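Asks: Curious how this folds, go ahead:
(chains A and B)
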Protein chains: 2
Amino acid sequence: MTLTGNLLIGQHSLPGTRAAIRAINPATNTVLEPAYPGASSEQVAQACALAWSAFDSYRETSLAARAQLLETIAHEIEALGDELLERAVAETGLPLARIQGERGRTCQQLRTFARTVRAGEWLDVRVDRAQPERQPLPRADLRQRQVPLGPVAVFGASNFPLAFSVAGGDTASALAAGCPVIVKAHGAHPGTSERVGRALARAVKQCGLPEGVFSLLYGAGREVGIALVSDPRIKAVGFTGSQSGGIALCQAAQARPEPIPVYAEMSSINPVYLFPAALKARGEALAQGFVASLTQGAGQFCTNPGLVIAVQGAQLEQFVSLTSDLLQRSPAQTMLTPGIFQAYEAGVGALAEHAQCVVSGLAAQGPNQCQAQLFVTLAQDFLANPHLQAEIFGAASLLVQCADDAQMRQVTEHLEGQLTATLHLDEGDLEQARALLPTLERKAGRLLVNGWPTGVEVCDAMVHGGPFPATSDSRSTSVGTAAIQRFLRPVCYQDFPDSLLPAALKHGNPLALRRLLDGQREA
Amino acid sequence: MTLTGNLLIGQHSLPGTRAAIRAINPATNTVLEPAYPGASSEQVAQACALAWSAFDSYRETSLAARAQLLETIAHEIEALGDELLERAVAETGLPLARIQGERGRTCQQLRTFARTVRAGEWLDVRVDRAQPERQPLPRADLRQRQVPLGPVAVFGASNFPLAFSVAGGDTASALAAGCPVIVKAHGAHPGTSERVGRALARAVKQCGLPEGVFSLLYGAGREVGIALVSDPRIKAVGFTGSQSGGIALCQAAQARPEPIPVYAEMSSINPVYLFPAALKARGEALAQGFVASLTQGAGQFCTNPGLVIAVQGAQLEQFVSLTSDLLQRSPAQTMLTPGIFQAYEAGVGALAEHAQCVVSGLAAQGPNQCQAQLFVTLAQDFLANPHLQAEIFGAASLLVQCADDAQMRQVTEHLEGQLTATLHLDEGDLEQARALLPTLERKAGRLLVNGWPTGVEVCDAMVHGGPFPATSDSRSTSVGTAAIQRFLRPVCYQDFPDSLLPAALKHGNPLALRRLLDGQREA
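Replies: The predicted structure is shown next:
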């Protein structure tokens, strides 16, 4: 199928009327066809009106029907075949195998949410039955379920053109919750977005759902995004991207007559702690694991290990030496966009003013290539200089050398909010690690032992979130099945006749949910 | 025990150093002793530092220990005896029986949260066990629990000197979640607040918990509140009060370097729908029920029925006539404070410029007495004039007369967010009511059939919340056991050795929680 460059407003494919974006192949710096004209404010409003008109019926679809939509989307994405993969590779500079893996992950994520929807635990049904004889006052019959917030604006991320984009985790969890979705495509991969968007729109049609359940918009700059977040019919926002972008959306959402929640996953440098016994026992394996995690995907992960923290000593020097050996042989890798490459260069340049560069990877062989970098600084300098906590998106990391355990704790307490924190430890390090845990639990959404933060499993227990500025809302996760909770609110029904109750709350429990019934969980 | 007028910073009772507040007996306009000097910014910071220092240990107390604290607080409040009741009556003008009932409710609420803490469902434990053999990549062991956000600032409400104040629902749910609490007492009942605050501090001491778990501050104006919300060690806010007060706190919370969630329960006019068959079958009972709900506690409830919506006709005229008969014999009642009385008078005066006053209750016999009022307007005027949706705190209500069902739906869609919406219906009204439900679910946190909104049960299924401006966060409830969720965030532990895992996540499940284990709920 030829790409059209058109917006998708429900089932209608039509060109935008504002300044166009065009994808650039970052490996060659060539501009890709077609142009994607941006949505006008009228077109944004049209998509919002359509989403709003679809909301009341979509949110009352059966669990089975909603699960079927998610599964149909996965099927339609798979049916896009090689055309999708080729375009995604061209638009991102990412290797084909990575895009293939990401497609698998994206479809698995949709199917996982389908299972979650069917299981119905997210409805959090609570029933307190009437007690007409209670003294001094009778108790009414009270029943609570979760309902969706309303249409959700989703912003595609640069670094996962499939898994955090048009049909990514935000879209999947919002659709699972019963919310129509309007996606603002990321400017770096409009063609990939169009293909996935059309697959999604086909799935909506096949499932016989109202067309407003999904729309896809393009736009240069922030205008379309701000218009979307400011529209009164949008009730929540999902975003993965820069801190400045996320904060701009939060401010727009707060400035509305009716403020709305924004789930912005922003910046994190993901501290990795190397404890002495672990360094001693397996310094080489740690160096290998670190370099692999740091350079994976040119370091373009929210969970990239951008900070290493350890106590000074011979073992640490050995680790730095091993890491340097590996890193200096590490090939430069094409970054997602020229803009991201320039920001990486600027970030590394700024860091070089405050910390010492220990080693650089191999020099670039083509345009927009990220040369890996390891910097080092002393803990006292890290504590004194807030610039050293700035995220550099790419394969750069800063090693903070601490004089002792006390200083390591001080550095830890000084950290901003993070998506992850990782502890490399052996039996002999347990007490040191234990002493850090209370602080780390306050600082990060996910804590790892003897692993690397770059892998993010889609499952029930995952938390991809964390205190500000890692995200704008530490109470949530954007990956894993708990992500559905971001788009829900509770409603209580008091003394409703059975015929007016939604199915989830009816006296006969027709959905066979495990309700909290008079304070007891049903088996 | 004599009242001291002192702040309570942990176990330390000391006088504030800023402008003092004094309670006024609204029934007599007499000033009550002692004066309550406000906290200085240093004293606010001191309380925050103490709360922060208590956080890491308090949040890791056992479920049993935390439940015991809540039960001990209830016991200590009961042990305050008549002194508490007398002071609360003097400070609020509320009848003794009401204060007695509210004490019972407050203690029951604390004990309900103790049960909730012990049951541990709020920990939402999710375990995805390792799958080392999985292809193409092994899965790590991933375990999620909820942890508390951090110290919480709680603002006492004017209208519930016990149940929504120092040891009210916000404090109980925050302590249940594992958060230290700093209460800013409401200026209307500092003596009641001191007595309850001392009971709470005694409970903290008896339970052997760090003193920073609870502090109590006073302050004239908004200075202390804003200082509290702006302190970096405060991580969430609970508030019940005016829309302007709630929005000021939201803005202060958003302006921080690290924004924090504010749960502000603000304004609601709680529409009551009277459908024709119900009006015909039991107009008199409806009039009686309405007047009782409207005038209860001088109308000083967040869930006061401030709006009645019905289709014009003989049955409605009959209802107005019956209501007028009752209301004009309804005695004026003392309001909570001179300021609240003045705001009521101003609100009623403003409403009289836009709607017709049908009937007034009996004239005041003493100071600060609320004379009940019923106003009437046509739906087209209600739709055209946003002033008619302004909350009037007190026993005033506005009847909106609709030409037909279509106009009733239009009025419904036009409503702002509400805490409650009530439907009075008979069999013959079911289809009309059903047509409104999708809109009402979007507008309100609790929907009632054939009841009155003023009673708010403390139970699992209650929702005391709703879309803006009813609250600042529609995803939450401030009454009922789900209120604990406001003060929690998820943390995931990846590949942790059992010895480092918190008890809730250990492999042996020592807390015997019903975990979500590999996607299945444990029995």
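
Asks: Let me see the contact set for the closest residue to A:Val311 other than its chain neighbours.
Replies: Leaving out its chain neighbours, the residue that sits closest to A:Val311 by CB to CB, 6 or more residues apart in numbering or on different chains is A:Cys402, at 5.0 Å. All C-beta atoms are positioned from the backbone trio N, CA, C, and that covers glycine. Contact analysis of A:Cys402 by CB atoms under 8 Å, 6 or more residues apart in numbering or on different chains lists A:309-312, A:379, A:408, A:411.

Asks: mind running it again at 6 Å?
Replies: A:311, A:379, A:408 (CB atoms under 6 Å, 6 or more residues apart in numbering or on different chains).

Asks: which among those gets closest to B:Ala201?
Replies: Top of the list for closeness to B:Ala201, among those and by CB to CB, is A:Met408 at 35.8 Å.

Asks: quick one: pLDDT of that closest one?
Replies: On pLDDT, A:Met408 comes in at 98.

Asks: can you map out the strands along the stretch 351-500 of chain A?
Replies: A:356-360, A:369-370, A:373-378, A:396-402, A:418-424, A:444-449, A:488-494 (DSSP state E, counting those that start in this stretch).

Asks: ignore the last one, the stretch 1-150 of chain A
Replies: Under DSSP E, counting those that start in this stretch, the stretch 1-150 of chain A gives strands at A:7-9, A:12-14, A:18-21, A:24-25, A:30-31, A:36-38, A:126-128, A:142-148.

Asks: can you tell me which of those strands comes nearest to B:Gly238?
Replies: Closest among these, using CB to CB: strand A:142-148, at 19.9 Å.

Asks: what about the helix or strand following the closest one and chain B, touching?
Replies: Using DSSP states H and E, the helix or strand that follows strand A:142-148 in sequence is strand A:152-155. No. Applying CB under 6 Å from any CB of the partner chain, one finds strand A:152-155 out of contact with chain B, separated by at least 13.3 Å.

Asks: A:Leu517 is in contact with A:Val125, correct?
Replies: No. Using CB atoms under 6 Å, A:Val125 makes no contact with A:Leu517, being 8.7 Å away.

Asks: Between the two, tell me which one has more neighbours.
Replies: Set side by side, A:Val125 and A:Leu517 show more neighbours around A:Val125, with 23 against 17, by other CB atoms under 10 Å in any protein chain shown.

Asks: pLDDT score assigned to the nearest residue to that one once chain neighbours are set aside?
Replies: Leaving aside its sequence neighbours, A:Val125 sits nearest to A:Arg515 (CB to CB, 6+ apart; 4.3 Å). Note on A:Arg515: pLDDT of 97.

Asks: Chain B contacts on chain A?
Replies: Going by CB under 6 Å from any CB, the residues of chain A near chain B are A:56, A:126, A:128, A:140, A:142-144, A:147, A:254, A:258, A:438, A:441, A:446-449, A:451, A:459-463, A:468, A:474-475, A:477, A:489-496, A:516.

Asks: of those residues, buried ones?
Replies: Using 16 or more other CB atoms under 10 Å in any protein chain shown as the burial test, the residues of chain A next to chain B include A:126, A:128, A:140, A:142-144, A:147, A:438, A:441, A:446-449, A:451, A:459-463, A:468, A:474-475, A:477, A:489-496, A:516 as buried.

Asks: can you map out the strands along the stretch 201-350 of chain A?
Replies: Using DSSP E, counting those that start in this stretch, strands in the stretch 201-350 of chain A cover A:214-217, A:236-240, A:262-265, A:271-274, A:307-311, A:333-334.

Asks: Just list what the third one packs against, helices and strands only.
Replies: Translated: strand A:262-265. strand A:236-240, helix A:243-255 (3 or more CB pairs under 6 Å, 6 or more residues apart in numbering or on different chains; DSSP states H and E).

Asks: ok, residues contacting it?
Replies: A:237-240, A:246, A:249-250, A:253, A:471-473, A:476, A:478, A:486.

Asks: residues near A:His387, how many?
Replies: 11.

Asks: got the contact list for it?
Replies: A:His354.

Asks: What ranges does the stretch 1-150 of chain A have for its helices?
Replies: A:41-58, A:63-79, A:81-92, A:96-119 (DSSP state H, counting those that start in this stretch).

Asks: Let me have those in JSON lines, extended by distance to A:Asp170 and mean pLDDT.
Replies: Shown next, in JSON lines, are the helices of the stretch 1-150 of chain A (distance: least, CB to CB, whole Å; pLDDT from 0 to 100):
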{"stretch": "helix A:41-58", "distance to A:Asp170": "15", "mean pLDDT": "98"}
{"stretch": "helix A:63-79", "distance to A:Asp170": "13", "mean pLDDT": "98"}
{"stretch": "helix A:81-92", "distance to A:Asp170": "18", "mean pLDDT": "98"}
{"stretch": "helix A:96-119", "distance to A:Asp170": "11", "mean pLDDT": "97"}
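
Asks: Turn the ones you listed into JSON lines, columns for distance to A:Glu317.
Replies: Output for these, formatted as JSON lines (distance: least, CB to CB, whole Å):
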{"stretch": "helix A:41-58", "distance to A:Glu317": "56"}
{"stretch": "helix A:63-79", "distance to A:Glu317": "48"}
{"stretch": "helix A:81-92", "distance to A:Glu317": "38"}
{"stretch": "helix A:96-119", "distance to A:Glu317": "34"}
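
Asks: for chain A, what helix or strand is lowest in average pLDDT?
Replies: Least confident helix or strand, chain A: strand A:520-521 with a mean of 94, by mean pLDDT, DSSP states H and E.

Asks: Parallel or antiparallel, list what pairs with that one.
Replies: strand A:516-517 (antiparallel) (DSSP bridges).

Asks: That'll do, ta.
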